[in-house]
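[1] Sequence plus predicted model, see below.
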Amino acid sequence: MIPTTNRSASTALTPEAIAESIAADETVASEPVALYALGLGDDALVLAHRLGEWITHAPELEEDVALGNIGLDLLGHARSLLTYAGSAWGTSEDDLAYFRGESEFRNRQLFEQPNGDFAHTIARQLFASVYFDGLYRALRRSTDPTLAAIAAKATKEVDYHLDHSVQWLLRLGLGTEESHRRMQRGLDAMWPFVGELFRAETGLPEGGVAHVPLDVTDGGTLGGVVVDLEPLRSAFDEIVPRLITDAGLTVPTVPFARGGGREGRHTEALGPMLAEMQVLARAHPGVTW
Amino acid sequence: MVTPTARAAATETGGVRDADDDPQGDGRRRFEELLASESRVEPTDWMPAAYRKTLIRQISQHAHSEIIGMQPEGNWITRAPSLKRKAILMAKVQDEAGHGLYLYSAAQTLGIDREEMFDQLITGRAKYSSIFNYTTPTWADMGSIGWLVDGAAICNQVPLCRASYGPYGRAMVRICKEESFHQRQGFEILLALMNGTEEQRAMAQESVNRWYAPALMMFGPPDADSPNSQQSMAWNIKRFSNDELRQRFVDMLVPQAEILGVTLPDPAIRWNEERGHYDFGDLDWTEFSEVLAGRGPANAVRVSRRRTAHENGAWVREAARAYADKQATASAASRASAAPEKIAS
């Protein structure tokens, strides 16, 4: 799955290893690949932060642990992706996370949506996990060895995240009248942001990257770096409505929002989140923690 | 350390009430043998009622402390100043939730429900370590909690790995491994600050100034004022006295503070050649009593945060129960309808 000729690929499993490889001039992302990694890294970082907000507030201790676990996995993906992205510009993961403004964040808008109640969080996580699952499975076959290695690790973790969301979707959808009503509201609230998930990457230089088509067998690499999202959309449309109806719920019919996260357009939720996330780092620029 | 007379006196306390379920005294003899041979008492063994009660109190308080202890550090998850620190902090707070769950399970082997223990916590009837009623106004507090609070916890807990009650001792083995990792992480946070800018160094020193004395008080009141200690030592639950452990902790801290370059806020600290230990000053036990009595900086907030989370999550837990019941009914029904076919085949 990972080409063995490239050293960086085999060591690209942790952000520290990627940083070392960059420092040794063994790994450097081209501008378009870096922009692509930055978008994916922001998706993971922003959602990880939201999940971190749950810790000590969850409905039961087991969920403090579970949501924290998922958040930690995503934070790991974010750190690897941002570290790799930074290799194009000589910036670190922390420069990118803490010293960019709201309009420079490229995450799709679903991930920045506030936690709401537990059902809102589960709805957001369900859509996110289906998206990540398809994305990382395909990205394992990227010809970019660093992206492929990050994706290979992420795929295993996202598999668990998806299972967690599906189990809760069923429990809440089929549990009590109240949980059913709340789960439906959560789905309706998050649905407008589904459309943007599968919109083609923007802002990447023309012809800078080739796409990875989905219909290749596992293990093969084609000439592509980034994932073609159109087939992922079809997979989402096949899986998610079935999951929703299996849980006795209704597939939302609310229209999709305009989106634009990849171009730095965000909902009102992101600004305050970043203000909190960045406050201490910005009070002491340039220091080591 | 514990005289045979003391041990006999100690076991007597609970034994009177337990005579009913141990009429021949076989259970008691076996219990005594286990203690004398430094062996583990297991959940199915006979044990004096007071031993059971002491353990339930101690283990549940320990579990509550882990759960409440998530909050002062959880306070900085959203503001951690680097992604690496954010990841470490999230993992640490999760470990604490895991310790809490693990300890609740150990207490359950003594015949108390987790729900009952948790209810005691969120209604303010249970105690937990007072240290978590202090607040964490600065990032350096993440370092001080790791280095000082987790450091004190380790001194307290390492001997508990040999506690006579099996499930507790085994839980502590696992917990201590993670705690020593946490202490090192806290030390590293302070070290990074002390190697940083003037502002960062000041942040670290100010934080150590606030946490030092409360951490020393985590070992409990001086031996002379600690009524439960003798009994627990006789039962091989507690292995060293409060003052012995406190001394051990100070002896460990002084050289580490030198490496960090922080000053421990006690001018009386000096090496005592004769004793082979560091001398240190008296602690302000009035403050300890104040915090213990509920007048600490965050007593009210800590319990109410957990209660609010629990109340807000009631509908989620109800849904999970309702769903599990429906699944059980459905699978029973499908078994019932499948049964005749099996017989027929």
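    Arrived safely, thanks for sending. None of these values were measured; they are calculated from a predicted model.
[2] dump the residue contacts of the residue in chain A that chain B sits nearest to.
    Taking Cβ to the nearest Cβ, chain B has its nearest neighbour within chain A at residue A:59, 2.4 Å off. Every residue, glycine included, has its C-beta placed from N, CA and C. Counting by Cβ atoms under 8 Å, 6 or more residues apart in numbering or on different chains, residue A:59 makes contact with A:118, B:309-310, B:312-314, B:316-317.
[3] Please tell me how far the residue in chain A sticking out farthest from the centre sits from residue A:184.
    For chain A, the largest distance from the centre (Cα atoms, centre = their mean) belongs to residue A:177, which lies 31.6 Å off. Per Cβ to Cβ, to the nearest Å, residue A:177 is found 11 Å from residue A:184.
[4] Report the rounded mean pLDDT for the helix or strand encompassing residue A:135.
    Element membership of residue A:135 [criterion: DSSP states H and E] is helix A:118-139. Per-residue pLDDT over helix A:118-139 has a mean of 96.
[5] which strands and helices sit next to that helix?
    If you count contacts as 3 or more Cβ pairs under 8 Å, 6 or more residues apart in numbering or on different chains; DSSP states H and E, helix A:118-139 packs onto helix A:31-52, helix A:61-86, helix A:145-174, helix A:177-190, helix A:194-197, strand A:226-227, helix A:230-246.
[6] change it to 6 Å
    helix A:145-174, helix A:177-190, strand A:226-227, helix A:230-246 (3 or more Cβ pairs under 6 Å, 6 or more residues apart in numbering or on different chains; DSSP states H and E).
[7] Just name the most buried of these.
    Greatest average neighbour count among the helices and strands packed on helix A:118-139 goes to strand A:226-227 (a mean of 26), per mean count of other Cβ atoms under 10 Å in any protein chain shown.
[8] coming back round to it: and the helices and strands packed on helix A:118-139 as CSV, adding distance to residue A:269 and mean pLDDT?
    As requested, the helices and strands packed on helix A:118-139 are arranged in CSV below (distance: least, Cβ to Cβ, whole Å; pLDDT from 0 to 100):
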stretch, distance to residue A:269, mean pLDDT
helix A:145-174, 20, 96
helix A:177-190, 12, 98
strand A:226-227, 26, 86
helix A:230-246, 22, 94
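[9] now those in JSON lines, with distance to chain B?
    Shown next, in JSON lines, are the helices and strands packed on helix A:118-139 (distance: least, Cβ to the nearest Cβ, whole Å):
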{"stretch": "helix A:145-174", "distance to chain B": "4"}
{"stretch": "helix A:177-190", "distance to chain B": "3"}
{"stretch": "strand A:226-227", "distance to chain B": "23"}
{"stretch": "helix A:230-246", "distance to chain B": "13"}
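[10] now those in TSV, with distance to residue B:233?
    TSV is the format used below for the helices and strands packed on helix A:118-139 (distance: least, Cβ to Cβ, whole Å):
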stretch	distance to residue B:233
helix A:145-174	45
helix A:177-190	50
strand A:226-227	63
helix A:230-246	57
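[11] any idea how far residue B:67 is from the nearest residue to residue B:90 once chain neighbours are set aside?
    Closest residue to residue B:90 apart from its sequence neighbours, by Cβ to Cβ, 6 or more residues apart in numbering or on different chains: residue A:72 at 5.2 Å. Per Cβ to Cβ, residue A:72 is found 19 Å from residue B:67.
[12] Show me which of these two is the more surrounded one.
    Between residue A:72 and residue B:67, residue B:67 has the larger neighbour count (other Cβ atoms under 10 Å in any protein chain shown), namely 26 against 19.
[13] Where does that one sit: helix, strand or coil?
    Following DSSP: H, G, I helix; E, B strand; the rest coil, we place residue B:67 in the helix state.
[14] What residues does the nearest residue to it once chain neighbours are set aside make contact with?
    Sequence neighbours aside, residue B:100 is the residue nearest to residue B:67 in space, at 4.2 Å (criterion: Cβ to Cβ, 6+ apart). Counting by Cβ atoms under 6 Å, 6 or more residues apart in numbering or on different chains, residue B:100 touches B:63, B:66-67.
[15] Just name the closest of the residues you listed to residue B:54, please.
    Lowest distance from residue B:54 to those (Cβ to Cβ) belongs to residue B:63, with 15.0 Å.
[16] Need the per-residue pLDDT for that closest one.
    The model's pLDDT for residue B:63 equals 97.
[17] is it true that it touches residue B:105?
    No - using Cβ atoms under 6 Å, residue B:63 is not in contact with residue B:105; the gap is 8.9 Å.
[18] Kindly provide the distance from residue B:197 to chain A.
    Here residue B:197 is placed at a distance of 6 Å from chain A (Cβ to the nearest Cβ, to the nearest Å).
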